[in-house]
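J.: prediction below, plus the sequence it came from.
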Amino acid sequence: MTTYITTPIYYVNAQPHLGHAYTTIVADAYSRYRRLTGDTVRFQTGTDEHGDKIAEAAAKEDVPPKVYADRISALFRETWPLLDIQPDHFIRTTDAQHVAVVQSILQQVHASGDIYFDEYSGLYCRGCERFLTEKELVDGLCPDHQVPPQEIAEQNYFFRMSRYQERLIRHIHDNPEFITPERYRNEVLSFLSEPLEDLCISRPKSRLTWGIELPFDSGFVTYVWFDALINYLTGIGYPDGVDFERYWSVAEHVIAKDILKPHAIYWPTMLMSMGLSLYRRLHVHGYWNVDDTKMSKSIGNVVRPAQLVEEYGVDTLRYFTLREMSFGLDASFNRDAIIARKNSDLANDIGNLFSRSVAMLQKYTAGLVPSPDSSGDAVLQQAVEQMLPIYREAMDGFQFHRALQAVWEVISQANKYIVTNEPWVLAKDPTRAARLHTVLYNLAECLRLLTMVLRPIMPGAAAKMARGLGLDPDHELVSSLAGCGRWGLLPVGTELQPTASLFPRVEKEKTGESQPAAGKKKAETKAETTTAANVLTFDQFQNVDLRVAEIIAAEKIKKSEKLLQLTVLVPEQRTIVAGIGEYYTPQQLVGKQVLVVANMKPATLMGIESQGMVLAARTMVDGKERLVLATVSDEIPAGSKVA
Ligand code: MSP
């Protein structure tokens, strides 16, 4: 099968921000996913470089529009690799081939009688680069740009969009997936229930010269949307290219809701007039907001993706955006939320699962994938087999957060599997070697399949995981869902490789300094909500990562009366040095569940790094100090949060 996925081509009057990054990450993750399923994929993005907005931005900088467009277009092109985004083609509307095709299409549509000349007056929004209807205004203002539209009366060329209204309505009814999610399909149908006006597709050169000249009237340039939408065809070599043949019938566009109307109404009617088939699906997502306001250059609340990559890493940014936003709905950008997801979902859940499993395989089977016992359990196999169809359906339907929820269900089961099966206990008993090998095989095989499904979301982390499992990142065992997406294929004897931590935890303080305006404001507001020195806000309390730890080993530290070295599971294995040697013997501690602060800054005591703090109650009784460890009233899996 083939897949053709596109993003909008972005205006070059603004530098890339998180909103642009999200759409492009979505298209990249989808293209990688389709490759995983065996498709031949074409993924296209690019820049939209003509029109009022660009001419104005260039004039402000006192440079010719093309020079200006070259500069900003390059910024977009250079940003994508930083996000591990790999388009197959980057199109610019100033490309000569695009200009020629737009002119030939205009000529053809004009000759067919679908373009006519007329006088028009209407309400024009420069930000939207289109005429708005009275109905679209909110309190007399453009709802997206918060400015009153300009009343413009002039002679122009018009496209007979109204001619195709009924056919478009029928097409939307007959193809339920044409516009998704459904709320946007309904919005378009509701819009189409009113008579459609024809579309003004020219601008007189007296008002704008920065555009593609109409082939049939040199006094005019083409309206920017008529030019821009055609990029989806020119990028694949329309009309004669083999790629056009190969990809057009499967085209899928990803956009945000701001440009629904041009994509769901102008574009299909233009295609009808050209005599071409319509694109297959239009995927519409919501806005990334900051403090409930759409992130945008004009509002000045933008977050730069390159900065986020520097602070949190590319995999974290990709994971966060795809996991946090329910596709179709708005989401709020918030730095605390990225940190929470990185520390919890990535460092704790998948990071620890991976490092613990690989460490145990290194320790107990000399780094070689052991042979499972055929009568062993199928707990993880079932978990993976349940997840795969849900993952595939969700990825096919652009429900990335759902796909990730299903994957994390498996990660959580695998972490539980370790706690339940206690490989470190099995390892002590040679008669249970077969069971130990089965448990470790299951973990390694589960990690292989997790590597595969995470590949489209976090290509960098998936490559590291593959190498850790002793596989080349492009080995079909981790890159072909079609060929190797089933349990039991990891060869026994595969040699694991040492791997650095996948996702080091982020400490909140570290990120404060480089926060941009939007993030800083939040931090300041937070500080204001602290009332007195000894009163915690809820947010401050949440910063303390309290967990149940299971002590699996304890020993006295030489030359110290007070200090004990504890090995605990939280659920990952850690070392904690605790000053409780005068109150507890090591034997009394092994097997106990205690409470620990898991996000203490590591401290070195007697040459040993302590990675947490054990909590205890301490008081004076009859002139003597008494200390008892804080614990839980019933057994609960190691690592459970205390809140
Ligand atoms: N040039 C047109 C598109 C022509 S496509 C034939 C355009 N460009 S744009 O630079 O304004 O990009 C709009 C797109 O950027 C949105 O549809 C969306 O993909 C992305 N986003 C810009 N701001 C966004 C948010 N705040 N949130 C989510 N996506 C956003 O319109």
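T.: That came in fine, so what should we check first?
J.: low-confidence stretches in this protein?
T.: Applying pLDDT under 70 to the chain flags the ranges 508-535, 537-540.
J.: if we go to 80?
T.: Within the chain, the set of residues satisfying pLDDT under 80 comprises 291-292, 296-300, 507-543, 622-623, 635.
J.: can you list the residues of it near the ligand?
T.: Within reach of the ligand by C-beta under 6 Å from any ligand atom, the chain has these residues: 8-11, 19-20, 22-23, 48, 228-229, 231, 255-256, 258-259, 287-288, 294-296. Backbone N, C-alpha and C define where each C-beta goes, glycine included.
J.: list buried residues within these.
T.: 8-11, 19-20, 22-23, 48, 228-229, 231, 255-256, 258-259, 287-288, 294-296 (16 or more other C-beta atoms under 10 Å).
J.: could you list which of the residues you listed belong to strands?
T.: 8-11, 48, 255-256, 288, 294 (DSSP state E).
J.: just send those back as TSV, with distance to residue 481 too.
T.: TSV is the format used below for those (distance: C-beta to C-beta, whole Å):
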residue	distance to residue 481
8	28
9	30
10	31
11	36
48	34
255	27
256	28
288	29
294	36
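J.: now the strands for the stretch 451-600 of the chain?
T.: 546-556, 564-569, 573-578, 593-597 (DSSP state E, counting those that start in this stretch).
J.: buried ones in the shortest one?
T.: Of the residues in strand 593-597, those buried under the neighbour-count criterion (16+ other C-beta under 10 Å) are 593-597.
J.: again with stretch 62-70
T.: Neighbour-count burial for stretch 62-70, counted by 16+ other C-beta under 10 Å, picks out 65, 68-70.
J.: on the three-state scheme, residue 46 is what?
T.: With DSSP: H, G, I helix; E, B strand; the rest coil as the basis, residue 46 sits in strand.
J.: dig out what it forms beta bridges with.
T.: residue 9, residue 91 (DSSP bridges).
J.: is it possible to export the buried residues of stretch 62-70 to TSV including secondary structure?
T.: Below are these laid out as TSV (three-state DSSP):
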residue	secondary structure
65	helix
68	helix
69	helix
70	helix
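J.: of the residues you listed, which is the nearest to the ligand?
T.: Distance to the ligand across the buried residues of stretch 62-70 (C-beta to the nearest ligand atom) is lowest for residue 69, with 12.1 Å.
J.: excluding its backbone neighbours, what's nearest the closest one?
T.: residue 49 (4.1 Å; C-beta to C-beta, 6 or more residues apart in numbering).
J.: for the one you found, phi and psi?
T.: phi -120, psi 0 (degrees, to the nearest 10).
J.: residues contacting it?
T.: Shown in contact with residue 49 (C-beta atoms under 8 Å, 6 or more residues apart in numbering): 11-12, 65-66, 69, 73, 92-94.
J.: and the gap between it and residue 99?
T.: Counting by C-beta to C-beta, to the nearest Å, the gap from residue 49 to residue 99 is 11 Å.
J.: which residues are common contacts for those two?
T.: Listed as contacting both residue 49 and residue 99 by C-beta under 8 Å, 6+ apart are residue 93.
J.: out of the contacts of residue 49, who's nearest the ligand?
T.: Using C-beta to the nearest ligand atom, residue 11 comes nearest to the ligand of the contacts of residue 49, at 3.9 Å.
J.: residue contacts, the closest residue to that closest one other than its chain neighbours?
T.: Using C-beta to C-beta, 6+ apart and skipping residues adjacent in sequence, the residue nearest residue 11 is residue 48, 5.1 Å away. Residue 48 makes contacts with 8-12, 93, 224, 228, 231, as judged by C-beta under 8 Å, 6+ apart.
J.: name the residues of stretch 216-231 that are buried.
T.: 220-231.
J.: my error: substitute stretch 604-624 in the last question.
T.: Counting neighbours by 16+ other C-beta under 10 Å, stretch 604-624 gives 610-616 as buried.
J.: for it, how far is the first residue from the last?
T.: 29 Å (C-alpha to C-alpha, to the nearest Å).
J.: same thing with stretch 358-372?
T.: For stretch 358-372, the first-to-last residue distance is 16 Å (C-alpha to C-alpha).
J.: next one: it to chain centre, how far?
T.: Mean-position distance between stretch 358-372 and its chain equals 33 Å (C-alpha atoms, centre = their mean, to the nearest Å).
J.: which non-adjacent residue is nearest the residue of the stretch 101-250 of the chain found nearest the ligand?
T.: Using C-beta to the nearest ligand atom, the closest approach of the stretch 101-250 of the chain to the ligand is made by residue 228 at 3.9 Å. Counting by C-beta to C-beta, 6+ apart, residue 48 is the residue found nearest to residue 228 once chain neighbours are left out, at 4.7 Å.
J.: same thing with residue 606?
T.: Once flanking residues are discounted, residue 606 sits nearest to residue 557: 5.1 Å by C-beta to C-beta, 6+ apart.
J.: and residue 152, what element?
T.: Per DSSP states H and E, residue 152 falls inside strand 150-159.
J.: list the buried residues of that strand.
T.: For strand 150-159, the neighbour count (16+ other C-beta under 10 Å) marks 156-159 as buried.
J.: equivalent analysis for stretch 75-93, please.
T.: By neighbour count on 16+ other C-beta under 10 Å, the buried set for stretch 75-93 is 76-77, 79-80, 82-85, 87, 90-93.
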